[in-house]
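Student: sequence first, then the predicted structure:
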Amino acid sequence: MQLAKPDTPQKLALCIALMVLQSFCGGFAIAAESVGASIGSPKQCKTVPIVLTEKFLDRLFEAVHQDKDCWVQSICAAVSSLNQTEYEKFVRLVREQSVKVDSAGWAQPALYAKHIHQYTNESNRALSCIALRAEFSGPDTLLDIYWITRTWPNIHPHYRWLKKAVEMGSPLAQYRMSVEVLDYGPNLRQPPPELAQFTNARNYQDLLMKSAAGNVAEAQLQLARFYLGREVGMWGPTKIDAKAAEHWYRKTAAQNVDQWSRDRAIAELGHLYFRGINVPQDYAQAFRWYSRLEPAQLAGCGELAIVLINLKQMYREGLGISQDIEKANELEKYPTACSR
């Protein structure tokens with residue numbers, strides 16, 4: 001329809017105002033349509049039934065390859081629809097499928113984390129939803145979120161969740177915080193605020209003490225090493241306390257769950273007596289500890305190979321035991337050098 005030409009200044013002004021309003025409303029409608037499309041409307045994302053099993057997570061994480069926005073929506077919808085107990089189980093399942101933590105406490109990206117590593121922005125949006133209810137969770141769930149955020153790409157500062165778990169008194173969180181402090185290493189002069197209070201020797205030692213008292217084998221092992229001055233590169237010379245070191249080595253050596261820490265504690269106790277490191281040299285004591293380890297597990301070029309090298313010498317020279325050349329030769333079938 002053609003409008004009549006305005007014949008007065010007042011009508012001209014009214015027409016201009018109407019044109020501006022029409023333009024604004026039209027632009028708003030387009031913007032709204034664009035926003036709607038970006039959050040899944042009019043596009044419909046396929047919903048994933050909420051059944052907390054690994055199969056559910058398989059379907060949920062497969063969506064990232066089909067549609068990144070729908071993947072984020074699905075995770076956010078899942079989190080919002082679960083009660084707190086179900087939410088904590090959901091977080092645990094995501095952690096188990098995203099992060100593999102070995103017996104030494106090292107984390108590696110697992111199946112899902114590898115799949116989504118190229119989707120940085122979407123990962124951050126999904127993590128925001130996953131962590132939305134963390135404030136109401138216990139330390140175990142906070143640790144799960146810490147592991148997820150530590151492994152997924154370009155993530156929020158994962159120290160936040162770890163520090164909350166530390167404040168709740170979690171022995172595992174206390175140990176992990178000590179590891180983060182050590183990992184930060186050269187940048188220690190400007191640490192993240194969550195780490196700052198633990199970057200002096202006294203507070204670092206306090207973290208390890210609390211965690212070791214909570215029967216965390218890795219913390220017990222690390223505390224023994226601390227008392228022997230093994231962390232001298234971090235804070236300079238620390239007071240050597242061989243008696244305390246031996247106490248925590250023995251505690252770790254008695255562990256039944258964490259074989260990685262137990263075996264290293266046994267080996268390092270043997271080294272103390274074999275070399276006479278801050279204790280009287282005692283080959284018989286060294287042999288007592290060394291003999292608790294199977295020769296087959298000592299072969300190769302790892303840190304435990306030193307035990308095998310020392311045992312061969314002890315048998316050949318009769319150090320702390322009766323000389324036994326045959327036994328020394330028998331141990332030669334276990335290599336102690338790296339393959340080239």
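Tutor: Received, thanks. Residues are numbered from 1 along each chain as shown.

Student: strands of this structure, start to end?
Tutor: Along the chain, the stretches classed as strands by DSSP state E are 99-101, 107-109.

Student: mean pLDDT lowest where, among those strands?
Tutor: Among the strands of the chain, strand 107-109 has the lowest mean pLDDT, at a mean of 62.

Student: now the stretch 1-150 of the chain, which segments are flagged as low pLDDT?
Tutor: 1-43, 47-49, 101-111, 113-115, 117 (pLDDT under 70).

Student: what do you get if the cut-off is 90, keeping everything else the same?
Tutor: Along the stretch 1-150 of the chain, segments meeting pLDDT under 90 span 1-82, 90, 92-136, 146-150.

Student: roughly how far does the residue positioned nearest the centre of the chain sit from residue 162?
Tutor: Centroid-nearest residue in the chain, with CA atoms, centre = their mean: residue 147, separated by 4.1 Å. Computed as CB to CB, to the nearest Å, the residue 147 to residue 162 distance reads 9 Å. For the C-beta atoms, the positions are set from N, CA and C on the backbone; glycine is no exception.

Student: with residue 50 instead?
Tutor: 28 Å.

Student: between the two, tell me which one has more neighbours.
Tutor: residue 162 (28 against 14; other CB atoms under 10 Å).

Student: thought the more buried one was touching residue 174?
Tutor: No - in this structure residue 162 lies outside contact range of residue 174 using CB atoms under 8 Å: 9.6 Å.

Student: which ones are touching the nearest residue to residue 208 once chain neighbours are set aside?
Tutor: Nearest non-adjacent residue to residue 208, counting by CB to CB, 6 or more residues apart in numbering: residue 223, 4.4 Å away. Listed by CB atoms under 8 Å, 6 or more residues apart in numbering, the contact set of residue 223 reads 205, 208, 209, 212, 248.

Student: which one of these is nearest residue 151?
Tutor: residue 208 (24.0 Å; CB to CB).

Student: quick check, pLDDT for the closest one.
Tutor: With respect to pLDDT, residue 208 has a value of 94.

Student: just residue 168 next, same as before
Tutor: Reported pLDDT for residue 168: 94.

Student: for the nearest residue to it once chain neighbours are set aside, list the residues it contacts.
Tutor: In space, residue 168 comes closest to residue 139 once its chain neighbours are excluded; the distance is 4.3 Å by CB to CB, 6+ apart. For residue 139, the contacting residues are 164, 165, 168, 169, 170, 172, 173, by CB under 8 Å, 6+ apart.

Student: ok, the first one to residue 45 distance?
Tutor: Put plainly, it is residue 164. 32 Å.

Student: cool, the fourth one as well?
Tutor: For residue 169, the distance to residue 45 (CB to CB) stands at 41 Å.

Student: ok, these two, which is more surrounded?
Tutor: residue 45 (18 against 11).

Student: thought the more buried one was touching residue 69?
Tutor: Yes - in this structure, residue 45 is within contact of residue 69 by CB under 8 Å, at 7.4 Å.

Student: dump stretch 165-184 to CSV, keeping only the CA atoms.
Tutor: C-alpha atoms of stretch 165-184 as CSV (Å, rounded to 0.1, in the frame of the first residue of the first chain):
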residue,chain,number,x,y,z
ALA,A,165,37.7,-29.9,48.6
VAL,A,166,40.9,-29.1,50.6
GLU,A,167,38.8,-26.8,52.8
MET,A,168,36.4,-29.6,53.4
GLY,A,169,39.3,-31.7,54.8
SER,A,170,39.6,-34.3,52.0
PRO,A,171,42.9,-36.2,52.3
LEU,A,172,43.0,-36.9,48.6
ALA,A,173,42.4,-33.2,47.8
GLN,A,174,45.2,-32.2,50.2
TYR,A,175,47.6,-34.5,48.3
ARG,A,176,46.5,-33.3,44.9
MET,A,177,47.0,-29.7,46.1
SER,A,178,50.5,-30.5,47.1
VAL,A,179,51.1,-32.0,43.6
GLU,A,180,49.7,-28.9,41.9
VAL,A,181,52.1,-26.8,44.0
LEU,A,182,55.0,-28.9,42.8
ASP,A,183,53.8,-28.9,39.2
TYR,A,184,53.6,-25.1,39.2
